[in-house]
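Undergrad: generate coordinates for the sequence data below:
(one chain, ligands or ions: 1)
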Amino acid sequence: MLSWGMPENEPATIADLPTPALVIDRPTFNANRVAMDELLPGDKLRPHVKAFKTTALAQQLADDGHRGFCCATPREVEGMVAAGLGHDLLLANESLDVARLGALADQANITVAVDSDATLDAAVAGGVRSVLVDVDVGLPRCGIDPADAGRLADRARHAGLEVRGVMGYEGHLMMVMDPNEKAERVGVSMELLLQASDDVGGDIVSGWGTGTCLTNTWCTEIQAGSYTLMDTDYGKLGLPFELALNVVATVISVSKKGWIIADAGIKSMAMDHGNPTWEHGDVFFLSDEHITLSPTNMNDWKVGDRVRIQPAHIDPTIAKHEQMWMVEGDDVVDRWVVDLRHW
Ligand SMILES: Cc1ncc(COP(=O)(O)O)c(C=O)c1O
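TA: This is a model prediction of the structure:
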């Protein structure tokens, strides 16, 4: 678990941080944990580490009683095992590179999602011991036709694997704003998953995410990760989770024409869900290393000031950083390594 606490020569306050810096407000993160525990206690939540890619953060969730985790890459699974968090890991994604995980089968409980004969064959050849059948519930991404799920499960059992159940990810519905429309469309996805579950067998019906975690009434476990730290996109949904993550930058130039420039560009922040947000004015645009901001009051800003930017999408934002700094107010209280990056 790569967490330091803060030794004496480390930054003491936000003003001391090298920028751009990924900063987590620890009280808000802790409040999000509490809110999720009330909603989905214990094994009803299988947190998805793809959102935060940090074993020190995952350890906190395990301490809360969420002992099983989802991973999106073999690398994430390996990192979780190395950190002693291998109680029940699900690679909730298709991969042909799974011999890496078969090699860990004596050290950890690893289940791999399959949606085709080819991915099942790779699991068998790679020494994987258990699988979930990943079902197409409407997102144009991975997942087998529900009508074919039972056949794949039979083949897996015939090959000697344990089939633990089904999973489905309805990512296309996360940002549906109208609660009634969302409930109806999630219900349609769920019917597909339950139909496959009847044919596949096993105990697990795994799925959904932060954007639909309030809507689920059928899954045995929810795969959510973004709720821990949140972003401005999910912030629009009125979920019981608050934004805990900022990219902190330093003002490096002030223009008399009415804008200021800070040192956090798109190499430090994902833009796939749109511009980030700034509480003291508008975000004009980002380039590689710069963010250009239009402050509500220009007189408030000078070179050297710090700005806190709120990204629209946390997963790819975090993946751009080597570490996250935990803060309480302006005090830096810990540094966590983002140790599950890369592939
Ligand atoms: C397979 C899978 N499950 C669940 C999720 C949900 O994650 P989040 O908490 O970001 O909604 C994702 C997100 O992309 C995913 O790919």
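
Undergrad: give me the residue from the stretch 201-343 of the chain nearest the ligand.
TA: residue 209 (2.6 Å; C-beta to the nearest ligand atom). In short, each C-beta sits where N, CA and C put it, glycine included.

Undergrad: that residue and residue 170, how far apart?
TA: Taking C-beta to C-beta, to the nearest Å as the measure, residue 209 falls 8 Å from residue 170.

Undergrad: those two: who's more crowded?
TA: The residue with more neighbours, out of residue 209 and residue 170, is residue 170; 26 against 22, by other C-beta atoms under 10 Å.

Undergrad: so who does that one touch?
TA: Residue 170 is in contact with 137-139, 185-186, 189, 207-208, 212, counting by C-beta atoms under 8 Å, 6 or more residues apart in numbering.

Undergrad: same thing with residue 40?
TA: By C-beta under 8 Å, 6+ apart, the neighbours of residue 40 are 213, 222, 224.

Undergrad: I figured the second one hits residue 213, correct?
TA: This means residue 222. Yes - contact between residue 222 and residue 213 holds when scored by C-beta atoms under 8 Å: they sit 5.2 Å apart.

Undergrad: tell me the contacts of residue 143?
TA: 115, 134-137, 168-169.

Undergrad: the ligand next: which of these are close?
TA: Filtering the contacts of residue 143 for neighbours of the ligand using C-beta under 6 Å from any ligand atom leaves residue 169.

Undergrad: any of the contacts of residue 143 buried? List them.
TA: Among those, the ones that count as buried by 16 or more other C-beta atoms under 10 Å are 115, 134-137, 168-169.

Undergrad: right, and the residue of the stretch 201-343 of the chain closest to the ligand touches residue 48 too?
TA: Yes - the pair residue 209 / residue 48 is scored as a contact, 7.2 Å apart, by C-beta under 8 Å.

Undergrad: need the overlap of contacts for these two.
TA: 223-226.

Undergrad: quick check, residue 97 in contact with residue 74.
TA: Yes - between residue 97 and residue 74 there is a contact under C-beta under 8 Å: 5.3 Å.

Undergrad: and the two? which has more neighbours close in?
TA: Counting neighbours by other C-beta under 10 Å for residue 97 and for residue 74 shows that residue 74 has the greater number, 22 against 13.

Undergrad: number of residues surrounding the closest residue to that one other than its chain neighbours?
TA: Excluding the flanking residues, the one nearest residue 74 by C-beta to C-beta, 6 or more residues apart in numbering is residue 100, at 4.9 Å. A count of neighbours around residue 100, defined by other C-beta under 10 Å, yields 14.

Undergrad: ok now the helix or strand where residue 155 lies, how far from the chain's centre?
TA: Using DSSP states H and E, residue 155 sits within helix 146-158. The chain centre lies 29 Å from the centre of helix 146-158; the measure is C-alpha atoms, centre = their mean, to the nearest Å.

Undergrad: could you point out which element follows it?
TA: strand 162-168.

Undergrad: what's in contact with that following strand?
TA: Outside strand 162-168, the residues that reach it (C-beta under 8 Å, 6+ apart) are 90, 92, 111, 113, 129-137, 143, 149, 153, 156-157, 189, 192-193, 196-197, 200-207, 220, 223.

Undergrad: what pLDDT does the residue nearest to residue 245 when sequence neighbours are not counted get?
TA: Spatial nearest neighbour of residue 245, chain neighbours left out: residue 229 (4.2 Å); criterion: C-beta to C-beta, 6+ apart. Per-residue confidence (pLDDT) for residue 229: 98.

Undergrad: what mean pLDDT does stretch 184-203 have?
TA: Stretch 184-203 comes out at a mean pLDDT of 95.

Undergrad: cool, and stretch 285-296?
TA: The average pLDDT within stretch 285-296 is 98.

Undergrad: contact partners for the residue in the stretch 1-150 of the chain that the ligand sits nearest to?
TA: Among the residues of the stretch 1-150 of the chain, residue 92 lies closest to the ligand, at 4.3 Å counting by C-beta to the nearest ligand atom. Going by C-beta under 8 Å, 6+ apart, residue 92 touches 48, 70-72, 113, 132, 134, 167, 169, 206, 223.

Undergrad: lowest pLDDT pick from those?
TA: For the contacts of residue 92, the pLDDT minimum is residue 169, 93.

Undergrad: wait, isn't that one in contact with residue 209?
TA: Yes - counting by C-beta under 8 Å, residue 169 touches residue 209, with 6.9 Å between them.

Undergrad: list residues touching both of the two?
TA: Joint contacts of residue 169 and residue 209 (C-beta under 8 Å, 6+ apart) are residue 223.

Undergrad: any chance you could map the strands in the stretch 201-343 of the chain?
TA: 204-207, 221-222, 245-255, 259-262, 277-278, 281-286, 291-295, 306-310, 323-328, 331-337 (DSSP state E, counting those that start in this stretch).

Undergrad: could you redo those as a markdown table and give each row mean neighbour count and distance to residue 61?
TA: Below are the strands of the stretch 201-343 of the chain laid out as a markdown table (neighbours: other C-beta atoms under 10 Å; distance: least, C-beta to C-beta, whole Å):
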| stretch | mean neighbour count | distance to residue 61 |
| --- | --- | --- |
| strand 204-207 | 24 | 16 |
| strand 221-222 | 24 | 13 |
| strand 245-255 | 19 | 16 |
| strand 259-262 | 22 | 32 |
| strand 277-278 | 19 | 26 |
| strand 281-286 | 16 | 31 |
| strand 291-295 | 20 | 31 |
| strand 306-310 | 21 | 22 |
| strand 323-328 | 20 | 15 |
| strand 331-337 | 18 | 13 |
